[in-house]
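Peer 1: return a 3D structure for these sequence lines:
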Amino acid sequence: MKKLVFALALSVCVLSSVSAKEYVLTSPDGKLNTTVKVEQTITYSINHGDDVLITDSPISMTLSDGVVYGAGDKVSKVSRRSVDQMLGTVVYKKDQVRDHFNEMTLKFKEFSLVFRAYDDGVAYRFLSHSKKPFNVVSEQATFAFAQDWNMWVPYVCQKL
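Peer 2: Presented below is the predicted three-dimensional model:
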């Protein structure tokens, strides 16, 4: 009986370490949801309400010393914050613009991955914890769109 309990406990530990860890970030208005999965690779997906906009898309960054941010890493800490502030502008039609977002920081051993969700978009960035200089050799930034979406681009030209 003790062997059976030990085997079951070991199986649960192994399966829980293999399964993906998911972290969800929502925009301030609650319409955009970003899900970040950390497995052997890091992927993200984005939904707007019930519409899937971007499906699991891998991201990583390779440094000149061979270190790869986003391959086989484990999250050590997650922190979140919300910001709602007005920022002054220099050359814009308004004196101030609103900076309103929710942020989630996933801390790893050698780097952090910061995701921001605004009401109209999502952004991410890698932050290195290294004290020594490095070069980025390549970055994997994948955008796996859920379907062939139509796109409209408003081109605005303004003389300064």
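Peer 1: sec struct for the residue positioned nearest the centre of the chain, please.
Peer 2: Note on the chain: the residue nearest the mean C-alpha position is Phe115, at 4.2 Å, using C-alpha atoms, centre = their mean. Secondary structure for Phe115, judged by DSSP: H, G, I helix; E, B strand; the rest coil, is strand.
Peer 1: identify the bridge partners of it.
Peer 2: Under the criterion DSSP bridges, Phe115 forms beta bridges with Met104, Tyr124.
Peer 1: any figure for the gap between it and Arg81?
Peer 2: Per C-beta to C-beta, to the nearest Å, Phe115 is found 12 Å from Arg81. For the C-beta atoms, the positions are set from N, CA and C on the backbone; glycine is no exception.
Peer 1: swap in Thr62?
Peer 2: For Thr62 relative to Arg81 (C-beta to C-beta), the value is 29 Å.
Peer 1: who has more neighbours, those two?
Peer 2: Counted by other C-beta atoms under 10 Å, Thr62 and Arg81 do not tie: Thr62 has more neighbours, with 17 against 10.
Peer 1: ok, now which ones touch that one?
Peer 2: Applying C-beta atoms under 8 Å, 6 or more residues apart in numbering, we find Thr62 in contact with Val68, Tyr69, Val136, Val137, Ser138, Glu139, Gln140.
Peer 1: can you tell me the element the last one falls in?
Peer 2: If I follow you right, that is Gln140. strand 136-141 (DSSP states H and E).
Peer 1: which residue ranges of the protein form helices?
Peer 2: Counting by DSSP state H, one finds helices in the chain at the ranges 2-18.
Peer 1: pLDDT below threshold where in it?
Peer 2: Counting by pLDDT under 70, the chain shows low-confidence ranges at 1-19, 158-160.
Peer 1: now Asn47, which residues is it bridged with?
Peer 2: For Asn47, the beta-bridge partners are Asn33, Val52 (DSSP bridges).
Peer 1: is it in contact with Leu32, as I believe?
Peer 2: Yes: if you go by C-beta atoms under 8 Å, Asn47 and Leu32 touch, sitting 7.3 Å apart.
Peer 1: comparing those two, which residue is more hemmed in?
Peer 2: Legend: neighbour count by other C-beta under 10 Å for Asn47 and Leu32, higher for Leu32 (21 against 18).
Peer 1: list the contacts of that one.
Peer 2: By C-beta under 8 Å, 6+ apart, Leu32 lies in contact with Thr26, Ile46, Asn47, His48, Ala117, Tyr118, Asp119, Asp120, Gly121, Val122.
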